[in-house]
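Colleague: Everything below, folded, please.
(one chain, ligands or ions: 1)
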Amino acid sequence: MQFSLIIPTLNEADNIDPLLTSIFSLNDLGNQFEIIIVDDHSADGTPDKIKQWQRTHNVHLVERNAHQPDLTASIIEGVAVAKYDVVAVMDADLSHSPEKLAALIQPVLANQYDITIGSRYIPGGDTIGWPFYRLWLSRAGGWLARAICDVNDATSGFFAFRKEFIHRITDNARGYKILLELLMTGGNQPLRVKEIPIHFRNRLHGTSKLSLSHHLAYLQQLIILAGGTISFHTASRFAIVGFLGVFIDVFIFQWLTGQGASLATAHISSFIAAASFNYTLNSKWSFRLHHAGHLQWNQFSRFLIVGIFAMLLRGAILAWLVYTWNIATEWAIFPAIIATAIVNYLGSAFYVFPRTKPA
Ligand code: GDD
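Modeller: Numbering: from 1, shown residues only. All right, here's what the predicted structure looks like:
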């Protein structure tokens, strides 16, 4: 079998020998494959272990020099130096059984599938030895991913694919979930994806590097892939603009009523003035990174639709809290405003200023 096996490592010194011994003792892989280990400045002697194998086997060490370790970036660097057209990726900590490699690679080599996934969440697959919270988080990540791709284990780290797909993944790809990015590369032509059941075993040596920030990055990645522009950057600017918009709204409302305008005229005029102000600033500032910043009528109408919907929702929440729950109006307004702000922001991120999909 001709393929390149990419193994990312970060402090895996105790796992290198058992892993490579196990892979090289397999008979069904033949001897025409290469192993590329991409190490991210491990401090526990991992590179030295790999260098020993490099002398006697078809093993290559790629030592990264980035300021920050990153799993996806490591895999991309590994693929960049891969010799073969078919690439497989697996963890170094023996969570993925090397015995499953042939079953994973064969369908891609035979061009029956574009991507094969070692799946824990289809019949015949499972996780062994994971604490409950890990399993729960992993399942939750998988369920969320189902909203954008029809795969049972989109967070698996054990998969094979044709090398050319790596060029199609977005610039935002980072963190743990490169597979999710790969699964989204099909565009109009759906990828042929096959899941193969695996037993995922919790590591015996070393520790997991998965942290809360990886989970949050994964969530953000899902949102990005779904077309949204949610981030701290856009949310904080959107909040500032919204806050300024309230002043414009109140100022114009007071001024018009002071000039003798009817309540309806003052209400509608101040709403449209504030919405125009908010739309302009959001387009040119809050969501500037994702858009050219040109004002467009259809975008403005979408902004108005979201605003009107949020206003109706605010009224409905207010009425529900006041009349059904007997909450005082001066308190009920707060959850109503918060819900409106969230709906406004989500509407802007997904509907008014969605992420433009890469060509
Ligand atoms: N080069 C590099 N840089 N390697 C990394 C980095 C990094 O920043 N972070 C982790 N790794 C390597 C580890 O050394 C290991 O070989 C593999 O990536 C998996 O990392 P773990 O931190 O052990 O992951 P886990 O066991 O908790 O499992 C989770 O991530 C896996 C990613 O492949 C789970 O979500 C699994 O589903 C998933 O397979």
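Colleague: Need the contact partners of stretch 236-248.
Modeller: Outside of stretch 236-248, the residues that reach it under the criterion C-beta atoms under 8 Å, 6 or more residues apart in numbering are 270, 273-275, 277-278, 281-282, 285-286, 341, 344-345, 348. Placement of C-beta: from N, CA and C, glycine included.
Colleague: now the chain, which segments are flagged as low pLDDT?
Modeller: Screening the chain residue by residue with the criterion pLDDT under 70, one finds the ranges 170-172, 187-188, 291-293, 356-359.
Colleague: Is the residue in the stretch 201-350 of the chain positioned nearest to the ligand in a helix, a strand, or coil?
Modeller: Distances from the stretch 201-350 of the chain to the ligand, computed as C-beta to the nearest ligand atom, single out residue 208 as the nearest residue at 3.2 Å. Recorded secondary structure, residue 208: coil (DSSP: H, G, I helix; E, B strand; the rest coil).
Colleague: Confirm residue 61 sits in a strand?
Modeller: Yes. Secondary structure of residue 61, determined by three-state DSSP: located in a strand.
Colleague: Burial check on it, number of neighbours?
Modeller: The number of residues packed near residue 61 is 18, by other C-beta atoms under 10 Å.
Colleague: about what we covered before: and the residue of the stretch 201-350 of the chain closest to the ligand, how far is that from residue 37?
Modeller: With the distance defined as C-beta to C-beta, to the nearest Å, residue 208 ends up 18 Å from residue 37.
Colleague: Which one's more surrounded, those two?
Modeller: residue 37 (27 against 13).
Colleague: Those residues of the stretch 151-300 of the chain touching the ligand, which are they?
Modeller: Within the stretch 151-300 of the chain, the residues that sit near the ligand (C-beta under 6 Å from any ligand atom) are 155, 156, 157, 176, 203, 208, 209, 210.
Colleague: Helices of the stretch 251-359 of the chain, start to end?
Modeller: In chain order, the stretch 251-359 of the chain shows helices spanning 263-281, 297-319, 329-347, with DSSP state H, counting those that start in this stretch as the criterion.
Colleague: Same list (those helices) but as CSV, adding distance to residue 228 and mean neighbour count.
Modeller: Output for the helices of the stretch 251-359 of the chain, formatted as CSV (distance: least, C-beta to C-beta, whole Å; neighbours: other C-beta atoms under 10 Å):
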stretch, distance to residue 228, mean neighbour count
helix 263-281, 18, 17
helix 297-319, 13, 15
helix 329-347, 8, 16
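Colleague: need those in TSV with distance to residue 136, can you?
Modeller: As requested, the helices of the stretch 251-359 of the chain are arranged in TSV below (distance: least, C-beta to C-beta, whole Å):
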stretch	distance to residue 136
helix 263-281	39
helix 297-319	31
helix 329-347	25
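Colleague: For residue 111, which of those is the nearest?
Modeller: Residue 111 sits nearest to helix 329-347 of all those, at 41.2 Å, using C-beta to C-beta.
Colleague: Who are the packing partners of the closest one?
Modeller: Helices and strands touching helix 329-347, as assessed by 3 or more C-beta pairs under 8 Å, 6 or more residues apart in numbering; DSSP states H and E, comprise helix 232-258, helix 297-319.
Colleague: and the angle for the last one with helix 232-258?
Modeller: Translated: helix 297-319. Counting by axes from the mean of the first three to the mean of the last three C-alpha atoms, to 10 degrees, helix 297-319 lies at 80 degrees to helix 232-258.
Colleague: which other helices and strands contact helix 297-319?
Modeller: So helix 297-319, by 3+ C-beta pairs under 8 Å, 6+ apart, packs with helix 263-281, helix 329-347.
Colleague: can you put those helices in a markdown table and add distance to residue 85?
Modeller: Putting the helices and strands packed on helix 297-319 into a markdown table (distance: least, C-beta to C-beta, whole Å) gives the following:
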| stretch | distance to residue 85 |
| --- | --- |
| helix 263-281 | 48 |
| helix 329-347 | 41 |
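Colleague: Let me know which of the ones you listed is the nearest to residue 222.
Modeller: The nearest among the helices and strands packed on helix 297-319, by C-beta to C-beta, is helix 329-347 at 13.9 Å.
Colleague: Other residues contacting that closest one?
Modeller: Contacts of helix 329-347 from elsewhere in the structure, counted by C-beta under 8 Å, 6+ apart, are 228, 230, 235, 238-239, 242, 306-307, 309-311, 313-314, 317-318, 321-322.
Colleague: Could you do stretch 79-91 as well?
Modeller: 2-8, 33-34, 36, 60, 62, 75, 78, 96, 98, 101, 104-105, 108-109, 118, 157-164, 166, 178.
Colleague: List the ones among the residues you listed that fall in helices.
Modeller: Within the contacts of stretch 79-91, residues falling in helices by DSSP state H are 75, 78, 101, 104, 105, 108, 109, 178.
Colleague: Now for those: which two are most distant?
Modeller: By the measure C-beta to C-beta, 109 and 178 form the most distant pair in the ones in helices among the contacts of stretch 79-91, at 20.5 Å.
Colleague: So for those two, which sits in the more crowded spot?
Modeller: When residue 109 is set against residue 178 and neighbours are counted by other C-beta under 10 Å, the residue ahead is residue 178, at 26 against 18.
Colleague: Isn't the more buried one up against residue 71?
Modeller: Yes. With contact defined as C-beta atoms under 8 Å, residue 178 reaches residue 71; the gap is 7.2 Å.
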